[in-house]
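Engineer: Here's a sequence, model it:
(one chain, ligands or ions: 2)
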Amino acid sequence: MAHVSSFRTTVTRAGLKALSGLLAGCTALAVAVLTAALVRPAAGPVTVVGGAVIDRTPAAVKDFAIRTFKEHDKLVLQLGILVLLGLFAIALGILALRHRRAGAAGVLLFGIIGAAAALSRPDSAGAADALPSVAGAVAGAAVLHILAGRADPTGTPHSADRSGSGPSRRGFLNAAAATAAAAATAGALGQVLSGQRGQGAVTSRNALRLPAPASPAPAVPAGTQLKVDGISPFTTPVRDFYRVDTALSVPMVDAGTWRLRLHGKGVPRPRTYTLDELLQRPLIERDITLTCVSNEVGGPYLGNARWLGVPLADLLAECGVKPPSKGGDADQLVARSVDAMTLGAPVEDVMDGRDAMLAVGMNGEPLPFDHGFPVRMLVPGLYGYVSACKWITDIELTTFDAYDPYWVKRKWARRAPVKTQSRIDTPKPFARPAAGPVTVAGVAWAQGRGITRVEVRIDDGPWQDADLAVQAGVDTWRQWSYPWQATPGGHTITVRATDGTGQVQTEQRARTIPDGASGWHSVFVTVPQNPGRPTQGPAR
Ligand SMILES: Nc1nc2c(c(=O)[nH]1)N[C@H]1C(S)=C(S)[C@@H](COP(=O)(O)O)O[C@H]1N2
Ligand SMILES: [Mo]
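Structural biologist: Ligands and ions are numbered 1, 2, ... in the order given. Sure, this is the predicted structure:
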C-alpha cells in the first residue's frame, strides 16, 4: 500500500510539474507576443525562429513541404514549432521536479535561442528585436520557479503537509489558474495590439485610388476564354492566385511612409521615390502570367492577372542607368523587400523593351497584402524568384559577379527565364469520363515568346493539334482544347506546346531546382466499360 500511494504521489507531482512547465511555456510565449506587439510584431519568437528554419531548410525539403502542405506550409511550420515548444516546456517542468534551478535555466536558454534568431534575421531592426524572446523567457522562468515550488511541498522547507494534497494542492491550482488567466490576457492583448499596428497599412490601402493607366490593356479579346468546364480561367481571381514567399507574417506596409530607393553601380542619379510620385507617372496595364520556379510539371504555382504599374525601364533611365549592351556598368538588378528578401534580375532583360514594371494594382484593385502591397516588381518571362519582388523597397544595381541574392545562395540558378510548358486542366488525373466525346483542355505558357501550337497525344498514338484559344499576348498563358473520342479502358493523355520561337516543349524531365521543371504533363484516366454507368460510384 505504501508503495502504491508513494507511486501515486510521484505521478501526481510529475503531472503538476508538467503542467507548471506548460504554463511557464504559455506565459513565456504570451509575454513575448505582447512585447513583440509593442516592439515589432515580426520579432516575435515563433516568427523569427520559423524564419531562421525556413532560411536553413534545404531546397529539397522546402520543395517537399510546398508539395505536401501546399499553401499551408507555413501554418504547419508554426504549429510544429508550437508543439515542440510545448513538449520542451513539459520536459522542463518535469526536470524542475528534481532541479528547480535547472528548469528555470532551461526556459532562459530558450529565450537566448529566440533572441539569437531575432538578431540574426536579415530584416532585424537591431537589439530591440531580442526583447520579446528575453522578456518572455524571464517571465516563463519566474512562473516555472514559483509553480514548481508550489507543486512540490516536499521541496519547500516550511510546508507541514507532505502528502501533496490539501491546502498546498489548492494553492498550486489557484496559482496555476491565475497564471493561465494572466498568460491568456497578455497573449490576447498582444494579438490585438499587433493587429492595430497593421491598421495603418489597411487604412492606407483602403484610401488608395489607383489612377487610370496611360496605356490601358485592351479588353480581353473574345475567344481568349474557352467555354470548357474545369479549365483555368484566363484571368485568375485574386483569391485563387497562388502565393509563394518566405514571410511568416505578411508585411503590413503603410503606403504613406513607404519609400523606394534606387541606387548602386552605374546609377549617376540615385533617387528615392514615394508612392505618390510613382502614381503620378504614366502607368501601364498589362495581362501577365506569373510562374514560380517551384512549379512541378502539371503543378498549380502560376496565375494570370491584369497588372497596373510603372514601367521599370523608364525609372531606371531617369536615374541614368544603361543596360550592359549600351555600355552600362551593372548587369544585375537586385530588388530588396521590407522583409529583406533579395531577388536578382538581369538589367538587360528589364530594359529590353518588355513590360517590366513596378506593379501597384492587380485585377483592378490595389495590390493585396499577400501579393506585395504597396508595390511589387514584375518582369514578364522570368520566374518569380528572380524578378517578382513583393513589398519592394530598394533597387540596387550591381553585377552577377559581385552579389548572390537569397535563392541563388540556396543553389537556385542566377538566371531563370520561364521554360515553355503546358498543363492539362481537365480531365483530372484518375477521372472516369464516359466513353464518347470528352473535351481535353488546359493552358500553355512561354512568357515573352508566346504559344503557337499545342499538341495532344492519347496513349502512344500520333500527336494531334489541339484547338488554340485566341492569344491575348506573348506574356500570358494560352488556353487550348482537344475533342477526344474516348474509348473504354485506361488511357494516358499527354500534352506538349510549341512557343513563338518554334521551340517544342522538351520531353526531357528536369526537377524544379535549379532553374525550373521540364518535361511533358500527362494524365491517366479510366473510361468505364459499361456505357450505362459512366461516372464514379455505384449505380442506384
Ligand atoms: N518579398 C518577397 N517577394 C517574393 C518572394 C518572397 O519570398 N519574398 N517570393 C518570390 C517568388 S519565389 C514568387 S514565385 C513570387 C510569387 O508571387 P505571388 O505570391 O504574388 O504569387 O513572388 C516572389 N517575390
Ligand atoms: Mo517562386
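Engineer: What strand or helix carries Arg243?
Structural biologist: Per DSSP states H and E: Arg243 is located in neither a helix nor a strand.
Engineer: same thing with Leu84?
Structural biologist: helix 73-98.
Engineer: Now for the residue in the stretch 401-540 of the chain that ligand 2 sits nearest to: which residues touch it?
Structural biologist: Nearest to ligand 2 in the stretch 401-540 of the chain, going by C-beta to the ion, is Trp407, at a distance of 8.1 Å. Just so you know, the C-beta spots here come from the backbone N, C-alpha and C atoms, and that holds for glycine as well. Contact analysis of Trp407 by C-beta atoms under 8 Å, 6 or more residues apart in numbering lists 343, 385-386.
Engineer: What about those, which one has the most neighbours?
Structural biologist: Neighbour tally across the contacts of Trp407 (other C-beta atoms under 10 Å): the maximum, 27 neighbours, falls on Val386.
Engineer: From Cys26, how far out is whatever residue of the stretch 401-540 of the chain ends up closest to ligand 1?
Structural biologist: Shortest the stretch 401-540 of the chain-to-ligand 1 distance, computed as C-beta to the nearest ligand atom: residue-wise this is Trp407, at 7.0 Å. According to C-beta to C-beta, to the nearest Å, Trp407 and Cys26 sit 36 Å apart.
Engineer: cool, and Arg209?
Structural biologist: 45 Å.
Engineer: and if you look at Ile395?
Structural biologist: 43 Å.
Engineer: quick one: which of these two has more around it?
Structural biologist: Of the pair Ile395 and Cys26, Ile395 is the one with more neighbours under other C-beta under 10 Å, namely 27 against 22.
Engineer: and the more buried one, what does it touch?
Structural biologist: Per C-beta under 8 Å, 6+ apart, neighbours of Ile395: 260-264, 333-336.
Engineer: So what pairs up with it in the strands?
Structural biologist: Leu262, Ala335 (DSSP bridges).
Engineer: Close to ligand 2: what parts of this protein are there?
Structural biologist: Residues of the chain lying near ligand 2 by C-beta under 5 Å from the ion: 244, 292, 384-385.
Engineer: check contacts around the closest residue to ligand 1 within the stretch 351-500 of the chain.
Structural biologist: Taking C-beta to the nearest ligand atom as the measure, the stretch 351-500 of the chain has Gly384 as its residue closest to ligand 1, at 2.5 Å. Counting by C-beta under 8 Å, 6+ apart, Gly384 touches 244, 290-293.
Engineer: 7 Å instead, please
Structural biologist: 244, 290-292 (C-beta atoms under 7 Å, 6 or more residues apart in numbering).
Engineer: related to what we said a few turns ago, what is the rounded mean pLDDT of the helix holding Leu84?
Structural biologist: The pLDDT scores in helix 73-98 average 88.
Engineer: follow-up on the earlier one: closest one of the contacts of Gly384 to ligand 1?
Structural biologist: For these, the closest approach to ligand 1 (C-beta to the nearest ligand atom) belongs to Cys292, at 3.4 Å.
Engineer: Could you check the helix or strand bottoming out on mean pLDDT in the chain against ligand 1 for contacts?
Structural biologist: Taking mean pLDDT, DSSP states H and E as the measure, helix 59-69 is the helix or strand of the chain with the lowest mean score, a mean of 80. No - judged by C-beta under 6 Å from any ligand atom, helix 59-69 makes no contact with ligand 1; its nearest approach is 10.1 Å.
Engineer: Which single residue in the stretch 101-250 of the chain comes nearest to ligand 2?
Structural biologist: Closest point on the stretch 101-250 of the chain to ligand 2, by C-beta to the ion, is Val244, at 4.5 Å.
Engineer: Next: the chain.
Structural biologist: Closest point on the chain to ligand 2, by C-beta to the ion, is Cys292, at 3.3 Å.
Engineer: from memory that residue sits against Val244, does it?
Structural biologist: Yes - counting by C-beta atoms under 7 Å, Val244 is a contact partner of Cys292 at 4.9 Å.
Engineer: if we can go back for a sec, need the buried ones from the contacts of Gly384 selected in ChimeraX.
Structural biologist: Burial among these is assessed by 16 or more other C-beta atoms under 10 Å; the matching ChimeraX selection reads:
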select :244,290,291,292
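Engineer: what's the domain layout of the chain?
Structural biologist: Following automatic domain parsing, one finds the domains of the chain at 2-203, 238-410, 421-527.
Engineer: okay if I get these as TSV plus distance to Pro218?
Structural biologist: Shown next, in TSV, are those (distance: least, C-beta to C-beta, whole Å):
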stretch	distance to Pro218
domain 2-203	32
domain 238-410	9
domain 421-527	8
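Engineer: right, so of these, which gets closest to Ala214?
Structural biologist: Proximity to Ala214 (C-beta to C-beta) singles out domain 238-410 among the domains of the chain, at 3.5 Å.
Engineer: Three-state assignment for Val33, please.
Structural biologist: When classified by DSSP: H, G, I helix; E, B strand; the rest coil, Val33 comes out as helix.
Engineer: which parts of stretch 322-341 are buried?
Structural biologist: Those would be 322-324, 328, 330-341, for stretch 322-341 by 16+ other C-beta under 10 Å.
Engineer: correction: stretch 273-289
Structural biologist: Those would be 273, 275, 278-279, 281, 283-289, for stretch 273-289 by 16+ other C-beta under 10 Å.
Engineer: start to end distance for that stretch?
Structural biologist: With C-alpha to C-alpha, to the nearest Å as the measure, stretch 273-289 spans 27 Å from end to end.
Engineer: That stretch vs ligand 1: in contact?
Structural biologist: No - judged by C-beta under 6 Å from any ligand atom, stretch 273-289 makes no contact with ligand 1; its nearest approach is 10.9 Å.
Engineer: What about Arg432, how many residues nearby?
Structural biologist: 14.
Engineer: now Val408
Structural biologist: Neighbours of Val408 (other C-beta under 10 Å): 21.
Engineer: quick revisit: flag whichever of the domains of the chain has the least confidence on average.
Structural biologist: Among those, domain 2-203 carries the lowest mean pLDDT, a mean of 83.
Engineer: how distant is that one from the center of its chain?
Structural biologist: Distance of domain 2-203 from the chain centroid (C-alpha atoms, centre = their mean, to the nearest Å) equals 26 Å.
Engineer: do stretch 296-309 as well
Structural biologist: 14 Å.
Engineer: swap in stretch 473-482?
Structural biologist: Distance, centroid of stretch 473-482 to centroid of chain: 26 Å (C-alpha atoms, centre = their mean).
Engineer: One more: stretch 256-266?
Structural biologist: Centre-to-centre, stretch 256-266 and its host chain are 24 Å apart (C-alpha atoms, centre = their mean).
Engineer: Between its first and last residues, how far does it reach?
Structural biologist: 29 Å.
Engineer: what do you get for stretch 277-295?
Structural biologist: Start to finish, the residues bounding stretch 277-295 are 36 Å apart (C-alpha to C-alpha).
Engineer: Give me the spatial nearest neighbour of Gln529, chain neighbours excluded.
Structural biologist: With sequence-adjacent residues excluded and distances taken as C-beta to C-beta, 6 or more residues apart in numbering, Gln529 is closest to Pro488, at 4.8 Å.
Engineer: List the buried residues of the strand or helix carrying Leu315.
Structural biologist: In this structure, Leu315 sits in helix 312-318 according to DSSP H and E. Neighbour counts over helix 312-318 (16+ other C-beta under 10 Å) mark 312-313, 315-316 as buried.
Engineer: Angles on the backbone of the closest residue to Leu279 other than its chain neighbours, please.
Structural biologist: If the residues on either side of it in the chain are set aside, Leu279 comes closest to Pro211, at 5.6 Å by C-beta to C-beta, 6+ apart. Pro211 has phi and psi values of phi -70, psi 160 when expressed as degrees, to the nearest 10.
Engineer: how deep is Phe88 tucked in, by neighbour count?
Structural biologist: There are 17 residues near Phe88, going by other C-beta under 10 Å.
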